[in-house]
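Peer 1: Please work out how this folds:
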Amino acid sequence: MKINGSQILVEVLVEQGADVIFGYPGGAVLNIYDALYKNSDRIKHIITAHEQGAAHAADGYARATGKTGVVLATSGPGATNLVTGIATAFMDSVPMVAITGNVASDLIGLDSFQEVYIAGITMPITKHNFVVRNVEELADTLREAFRIAVSDRPGPVLVDITKDVTAAECEFTPAGKVVPVKHDRFTGEDIEKVAGMINNSERPVVLYGGGVISSNASKELEELLEKGNLPCTNTLMGTAACKGGPLDLHMIGHHGSRSANMAVAESDLVI
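Peer 2: Numbering: from 1, shown residues only. All right, here's what the predicted structure looks like:
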């Protein structure tokens, strides 16, 4: 079927399991807002008072639900206002897709009103970013953004879409939800080697973080701690990831406990 870029965006969001999108309207994304309004029964849009709040809301939604957070902003200041929220998701490995509008393709590079190179600005704080200037590339680009956001170590991906793409039409073919790419980093031999190191250690300490939560490994970690009678400490992102037991030293770091910091500093094996 032939539909415009804004409708394609909505179709792909729904296809990828996004049920909520946070954002703030502006000229470069008005076509997208028309499509969101027409599909309000399929995807809920929450308008925030400021784009930064929208980015943080998408980040928090991803943390709370385990889904990929989605945020939408217009060109120029709308896009740049997302930076702090995107950086937060990047530092804490939270899956997010940030969608920004930009000026029309033929106006790029002409110092147009609210034109900014948001892809370049966010390059250090995203896993990847895209600039879409052809409506026929939009659907697959959005799907790839969702795939990258949840593959291996999760994080934010930015998709910048020129305004003409949101109005242009092309054939759209529905597809299924993307499958994350996961790489097995450790072999059985590696695990046996680590087990030997733990058994030979005199002052081992387990340091765990948010990866335990995102990989649903709380039960396995608790079993390891109990079986090995191991002391443990956690990063901020690892808070509440598991029940540490009687040897739980609580959070490490500048705002952590003295016992946790001392234990890691004096340990002969940090796991």
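Peer 1: Please enumerate the helices of the protein.
Peer 2: Using DSSP state H, the helices found in the chain span residues 5-15, 30-38, 51-65, 77-80, 83-91, 118-121, 138-150, 163-167, 188-200, 211-214, 218-228, 258-266.
Peer 1: and those, which one is worst for confidence?
Peer 2: Out of the helices of the chain, helix 211-214 stands lowest, with a mean of 86 (criterion: mean pLDDT).
Peer 1: ok, back up a step: looking at the helices of the chain, which is closest to Val179?
Peer 2: helix 138-150 (7.5 Å; C-beta to C-beta). All C-beta spots, glycine's among them, are computed from the backbone N, C-alpha and C.
Peer 1: For the helices of the chain, give me a markdown table that also has mean neighbour count.
Peer 2: Below are those laid out as a markdown table (neighbours: other C-beta atoms under 10 Å):
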| stretch | mean neighbour count |
| --- | --- |
| helix 5-15 | 22 |
| helix 30-38 | 18 |
| helix 51-65 | 21 |
| helix 77-80 | 21 |
| helix 83-91 | 20 |
| helix 118-121 | 18 |
| helix 138-150 | 21 |
| helix 163-167 | 22 |
| helix 188-200 | 11 |
| helix 211-214 | 18 |
| helix 218-228 | 15 |
| helix 258-266 | 14 |
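Peer 1: To Pro180, which of these lies closest?
Peer 2: Nearest of the helices of the chain (C-beta to C-beta): helix 138-150, 4.5 Å.
Peer 1: so which of the helices of the chain comes closest to Gly101?
Peer 2: helix 163-167 (6.0 Å).
Peer 1: Which elements pack onto that closest one?
Peer 2: Where contact means 3 or more C-beta pairs under 8 Å, 6 or more residues apart in numbering; DSSP states H and E, helix 163-167 is packed against helix 5-15, helix 30-38, strand 96-102.
Peer 1: For Gly210, grab phi and psi.
Peer 2: phi -70, psi -20 (degrees, to the nearest 10).
Peer 1: Was I right to think it contacts Pro95?
Peer 2: No: using C-beta atoms under 8 Å, Gly210 is not in contact with Pro95, being 11.7 Å away.
Peer 1: more neighbours, these two?
Peer 2: Pro95 (27 against 19; other C-beta atoms under 10 Å).
Peer 1: burial count for Gly27?
Peer 2: 15.
Peer 1: which one is it nearest to, not counting chain neighbours?
Peer 2: Thr74 (6.2 Å; C-beta to C-beta, 6 or more residues apart in numbering).
Peer 1: quick one: Ala18 from Ile43, how far?
Peer 2: Going from Ala18 to Ile43 by C-beta to C-beta, to the nearest Å gives 6 Å.
Peer 1: of these two, who's got more company?
Peer 2: Neighbours around Ala18 and Ile43, counted as other C-beta under 10 Å, are more numerous at Ala18. The numbers are 21 against 17.
Peer 1: If I look at that one, what pLDDT would I see?
Peer 2: pLDDT, Ala18: 96.
Peer 1: Do I have it right that it meets Thr68?
Peer 2: Yes: at 6.8 Å, Ala18 counts as touching Thr68 under the criterion of C-beta under 8 Å.
Peer 1: Mind listing the shared neighbours of those two?
Peer 2: Val97 (C-beta atoms under 8 Å, 6 or more residues apart in numbering).
Peer 1: can you list contacts of stretch 176-195?
Peer 2: In contact with stretch 176-195 (C-beta under 8 Å, 6+ apart) are residues Glu15, Gln16, Gly17, Arg143, Glu144, Phe146, Arg147, Val150, Ser151, Asp152, Ile271.
Peer 1: quick one: terminal-to-terminal distance for that stretch?
Peer 2: Across stretch 176-195, the terminal residues are separated by 40 Å (C-alpha to C-alpha, to the nearest Å).
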